[in-house]
Every structure is written in structure tokens, then in C-alpha cells.
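Colleague: below: sequence and its predicted model.
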Amino acid sequence: MNSDNKQILSFLVFAFVVLLLVLIVIFSGKNRESAEKTLPAPSQEKTKPAVETFHETSLQHQTAAEMKENEETVGETIPESAPAPQKESEDIESAEIAGGVDVEVAKDKDSTVDQEGFLHGKILPKKGMEEALLKVPGLQLKHAMEISNAIRYDVDLTQIKAGEDFKVKFDKDGNVEEFVYYPDIVTFHVLKRDPTEKKLKYTAKILPTERRFRIIEGTIDSTLNESLVRREDVTRNIRAVTVGILECIVSFSTDARKGDEYRILVEDRYYKGEMVPGSKVLYASYRGKQAGFSEAFRYEDEDPKSAFNAHYTDKGKALIPSAMRLPLDTIRITSPFGVRRHPITGKMTQHHGVDYGAPVGTPVYAVAPGKVIEVKQTPLGGKQVTINHADNTKTYYLHLNSFNVSVGTAVSARQRIASVGNTGRSTGPHLHFGIKSPQGSWLNPLKIKMIATPQLDAKRMPRFKTQMKEIVTLLDNTAQYQEWIKKYDEGPQPGDFYKQYN
Ligand SMILES: [Zn+2]
């Protein structure tokens, strides 16, 4: 080997080593980068308000508009007055409790006993309370059934969301001593064993929250739903409720135009500076070139579970006046439609209706005009009434205490037909309400838009007018405040500008 070749070889070796070093540096840099990427950003996570999973704790009853809450997509179609028959599979899936939020569930570390002796668990995606409870080590079906039966009258178990927390403590005899379900930072549903009655007794602890209001407004490029999807300040629930309200009073399919304007007033709740899930849409309006101006106001009775709590026009008219009426004045869902654990047998069974908890003697109303075709008593359903409606839809009212009608009676919508009872196979006073389509399949009543009244009655109108006035004042004040904030952010303003809100 001559010296020239030696030089070339040593140069090649040198170049190879340099290349290797460069590659190592680049590669380790990339590794660090990807390692950084997989790390969570704790600061971002903390400041982000927990509003993704909406849970209206103070108002369990869903209005027609709010029923769209759990649907994946909200189309802008005008609601049909007659309920469309639904596929059985859809019903079963939608009736399975809890939203489809992808969250981590009951890890081993959550199941260890804490200092107070509680075992911790989380609500599972698309599963009932009982299924989540059964994941807790040592918790048996009898415990799960005792807990869910003790809590279902006070907590709407159709509204539980994946990822929410609960904890359970056993006494020395292996019975449930205490159970706490806390879906958010301010709401604590507590079951404690009463030593004399030996039964689980329910109490609720709701921490005081601060109410804040904001206006969400904008113009429409394509559809209202798409305009709202793009906004970070609009949660899925606010969007669904707003679209649900406005599609009742605006014919989107024919009248929506690019550039049309929407305005929404939202009430948020805060606890120690953190937003609590459960924002409410108090008002929604739409102004369109073709559609004109439409608006709707939220009305609320004192009872948060009142069937009348819903959105109405400024004249107190229901948004879908032709919809079926709710069968009771107070809506307290104790068991949903679809596959569920039977409250007595604990077995997974298909539930062909919805159960509403109510005291014995509570009036039960016909949901639509029709003719009574059955008044009978059976071992399972107890005292029951069946009504056939004009389109051959049939409605079923079970476990009644007494009847106000007989076979052949023609009834009008919301005519009293019976009283709530506890007859047949039943764990407590409630109304089982079922709807069968003209084709003979059971429908999910919670998927069908139902109202309490087409027009708020004379007794409720003064309250509605007061609430409407409050909303209008809130709209003005919130708009002024938001305008002020906008200017504040723009930079220095005249001296007296700062006096208004500081
Ligand atoms: Zn039932």
C-alpha cells in the first residue's frame, strides 16, 4: 500500500467516524424530541376547563332539545311531529348508560383502600352503575343492586358519564356502609347505612358555585352545527342544545343562508375558579336573510325535575307544540329503556320502556289523544292501561294504583288516566311507560321529543315573564361587558373607561 492510498484510507475512516457521530447526535436528538412529545403538558391540562362531559346535575330532566345531548352528530333537519321508528340495535346501544368518552377506567391503584377505608372506582364507558361497581374488588352483585336501587330515585342513572368517580366502604360484616358518587368537584351523592333501619339512606352535598354568563355569537358559513363545531368555547352539549332549540323554530333546510347570525346566552358555574360541568343554554336566537328573527327562552319551575322546564318562545309556546306530552308533571328517570340489570332479579334484561319514580297517587296523563283499549291487572305489570293512538302507536302505563278511565274511553292529550302505584313486580312506586310503534316494535321514549304543555298555563306565565326579563337584562349586561373586555384587550383607553368594571 503506497502513501497515497494510506492517506485516502485514513481520510475515509475519518469521514466514516464523523458521519457516525453526526448520525448519533441527530438520532439522540430525535429521541429526546419524541420523548418530550409523549410527555403530558401539565400546565395545559390544568387550565383547560372540565367542560367536555356535560352533566346537568341541577336539572336531570332533558327537554326535547337537550335529548340530542348524547348523539354523535346533530343534523340540521326539521323535527318531524311523528316519531320515526328506530332500529332496535340503536335503541339498545343508546340506552346503555354513559357517554362514549374514551377514558382510563378503574386501574388497580384506584382500587386500593384509602385512609378512610374507601375503595375507589370510575364509571365505565357505555356501562351502567352496577357494571362499574362490580369492578371494585370484593363487591358482589347484591351490593351493586343495593346501591343502584338506593340511589336511582335521586340520581338519574341515565346521565352518568364515563370517567366519573365513586367510592365505597364496607363494614365489618361485609355490608356496604357508605357509598359516594361524585361526578364533578361540587356534587357528592352519598348513601349511608342507617343503623336503626339497616338501609342505605341518600343525602346530597352540593358545594356553592358562582354563576357566570357569556354570549356566544357568530355568523354561519355552511350550517349552524358546523359553525358551532369549529368553536372552542362551544361544548358538544351547548351545541346540541342550541341546534335542538333553533331547528324547532327555524326551517334550516329551506331558509338558512350564508351570513345568518346566531346568539346564545350560556350560564356557566364555577367553583374556586374552575368551571364545573353543567353549563345551561338560557337563550338562543337566529337572524337570517330568509329566516327572519327567532328566539327562545329557558323556563324553569322551582322543582328542578319539573316536566315544564324547557325552552319556549317569547309567548310561552313550546318549541314543538304538536309533540307528545310527558305522562307526569315531574320527570325522575329511575330506569332507562334497553338492556339493563333488572332491579329485582339483578339479571341483564331488555327493558321495553322507561321508569319514572313518583309517589303513589301522582296523576298519570295520556301522552296523546286516543282510545283506551286495555284496563287490566297482571302479576308483573300490576294495574295497567293501554291507549291506541290515531296512527296505531300504542302507549302503555304500568304499576298503577287506580284508574280514571275504562276500556273504550276516548282520551285527549294530557287527560288524567290513572294514579301512580306500586302494583305488580316493582321495587317502589313508579310509572313504567312504554311506546309501541304501529309496526309493533318497542320505541325508546327518551329518544322521542316530548313536552309538558304546548303553551305555558296562566299559573306559570308570570314566572316565565320574570325569567324572560332576567334573561334580556343578562344579555344586555353580558354584551356590554364583553364589548368592554374586547376594548380593554385592544390597548389603552380613555381614563373613565376603566371605572366601569374596575
Ligand atoms: Zn319498567
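Modeller: Received the coordinates, thanks. Numbering: from 1, shown residues only.
Colleague: okay, now the domains of this protein?
Modeller: 108-206, 210-323, 338-443 (automatic domain parsing).
Colleague: closest one to Asp329 among those?
Modeller: Nearest to Asp329 among the domains of the chain is domain 210-323 (5.4 Å), distances taken as Cβ to Cβ. In this view, the C-beta of every residue, glycine as well, is placed from N, C-alpha and C.
Colleague: distance check, the residue nearest to Pro359 when sequence neighbours are not counted against Tyr153.
Modeller: Residue nearest to Pro359 in three dimensions, not counting chain neighbours: Pro429, with 5.8 Å by Cβ to Cβ, 6 or more residues apart in numbering. As for Pro429, its distance to Tyr153 is 9 Å (criterion: Cβ to Cβ, to the nearest Å).
Colleague: can you tell me the residue of the stretch 151-300 of the chain closest to the ion?
Modeller: At 11.6 Å from the ion, Arg152 is the closest residue in the stretch 151-300 of the chain, using Cβ to the ion.
Colleague: was I right about that residue contacting Arg332?
Modeller: No. Arg152 is beyond contact range of Arg332, at 9.2 Å (criterion: Cβ atoms under 8 Å).
Colleague: now the common contact residues for the two.
Modeller: Gly357 (Cβ atoms under 8 Å, 6 or more residues apart in numbering).
Colleague: any idea of the mean pLDDT for stretch 493-502?
Modeller: Averaged across stretch 493-502, pLDDT comes to 80.
Colleague: contact partners of that stretch?
Modeller: Contacting residues not belonging to stretch 493-502 are listed as Tyr481, Trp484, Lys487, Tyr488 [Cβ under 8 Å, 6+ apart].
Colleague: what do you get if the cut-off is 6 Å, keeping everything else the same?
Modeller: Defining contact as Cβ atoms under 6 Å, 6 or more residues apart in numbering, one finds that stretch 493-502 is touched by Trp484, Lys487.
Colleague: need the phi and psi values for Gly346.
Modeller: Note on Gly346: its backbone torsions stand at phi 80, psi 0 [degrees, to the nearest 10].
Colleague: so who does it touch?
Modeller: Taking Cβ under 6 Å, 6+ apart as the definition of contact, the neighbours of Gly346 are Leu141, Met145.
Colleague: kindly recompute the last result at 8 Å.
Modeller: Going by Cβ under 8 Å, 6+ apart, Gly346 touches Glu130, Leu141, Lys142, Ala144, Met145.
Colleague: kindly indicate whether the first one is helix, strand or coil.
Modeller: Each residue gets one of three states, and Glu130 gets helix by DSSP: H, G, I helix; E, B strand; the rest coil.
Colleague: state the pLDDT value of it.
Modeller: What the model reports as pLDDT for Glu130 is 93.
Colleague: over to the second one?
Modeller: Leu141 is assigned a predicted lDDT (pLDDT) of 94.
Colleague: can you pull up the bridge partners for the residue in the stretch 251-400 of the chain that the ion sits nearest to?
Modeller: Nearest residue of the stretch 251-400 of the chain to the ion (Cβ to the ion) works out as Asp355 at 4.2 Å. With DSSP bridges as the criterion, Asp355 is bridged to Ser335, His432.
Colleague: could you do Met450 as well?
Modeller: Note on Met450: beta-bridge partners by DSSP bridges are Met324.
Colleague: find the closest residue to the ion in this protein.
Modeller: Taking Cβ to the ion, the chain has His432 as its residue nearest the ion, at 3.3 Å.
Colleague: give the contact list for that residue.
Modeller: The neighbours of His432, taking Cβ under 8 Å, 6+ apart as the test, are Gly353, Val354, Asp355, Gly381, Tyr396, Tyr397, Leu398, His399.
Colleague: give me every residue that touches the last one.
Modeller: Residues in contact with His399 (Cβ under 8 Å, 6+ apart) are 381-384, 420-424, 426, 429-432.
Colleague: ok so, going back, contacting residues around the residue nearest to Pro359?
Modeller: Gly357, Ala358, Pro359, Val360, Thr362, His399, Asn401, Val420, Gly421, Asn422.
Colleague: just for this structure, where's the confidence low?
Modeller: Counting by pLDDT under 70, the chain shows low-confidence ranges at 1-6, 8-111, 502.
Colleague: the ion contacts on this protein?
Modeller: When proximity is defined as Cβ under 5 Å from the ion, the chain approaches the ion at Asp355, His432.
Colleague: quick one, phi psi at Ala150?
Modeller: Dihedral pair for Ala150: phi -80, psi -20, per degrees, to the nearest 10.
Colleague: from now on call the first residue 45
Modeller: Shifting the count to begin at 45 puts that one at Ala194.
Colleague: hang on, it packs against Lys236?
Modeller: No. Shown here, Ala194 and Lys236 do not form a contact pair, counting by Cβ under 8 Å, at 10.0 Å.
Colleague: joint contacts of the two?
Modeller: Between them, Ala194 and Lys236 share the contacting residues Leu244, Lys245, judged by Cβ under 8 Å, 6+ apart.
Colleague: pull the number of nearby residues for Trp528.
Modeller: Applying the criterion other Cβ atoms under 10 Å, we find 16 residues in the vicinity of Trp528.
Colleague: repeat for Gln524
Modeller: Residues within reach of Gln524, counting by other Cβ under 10 Å, total 12.
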